[in-house]
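Novice: Sequence unavailable; structure follows:
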């Protein structure tokens, strides 16, 4: 039996959430907080960092789309999942 312990490997994952709703409107702060609580925290219970940001992207027609964005940063063990 080996006494060697495998070193933990940690990774950082950053997820960008545009807050615009494609059919119109914007996700509210309360709705996003609920999403973090009910979805993200359940999958990553050890913790996370979330902060507001400004986001923009170029559409296929060349126009620039700007929207309120939330960034979620997760630091977690690297697993196959």
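Specialist: Arrived safely. Since the model is a prediction, treat every value here as computed from it, not as a measurement.
Novice: show me where pLDDT drops low in the chain?
Specialist: 1-7, 81 (pLDDT under 70).
Novice: Who are the contact partners of the closest residue to residue 12 other than its chain neighbours?
Specialist: Residue nearest to residue 12 in three dimensions, not counting chain neighbours: residue 75, with 5.2 Å by CB to CB, 6 or more residues apart in numbering. Any C-beta I mention is one placed from the backbone N, CA and C, and that applies to glycine too. Residues near residue 75 by CB atoms under 8 Å, 6 or more residues apart in numbering: 10-13, 47.
Novice: Could you do residue 69 as well?
Specialist: Contacts for residue 69 were tallied using CB under 8 Å, 6+ apart; they are 16-19, 52-55.
Novice: What's the end-to-end length of stretch 33-46?
Specialist: End-to-end distance of stretch 33-46 (CA to CA, to the nearest Å): 17 Å.
Novice: center of the protein - which residue?
Specialist: The structure's the chain has its C-alpha centroid closest to residue 15; by CA atoms, centre = their mean the separation is 3.0 Å.
Novice: Quick check: chain neighbours aside, which residue is closest to that one?
Specialist: Across the structure, with CB to CB, 6+ apart as the measure, the residue nearest residue 15 apart from its sequence neighbours is residue 72 (4.7 Å).
Novice: wait, what's in contact with residue 32?
Specialist: Residue 32 sits next to 17, 19, 70 when contact means CB under 8 Å, 6+ apart.
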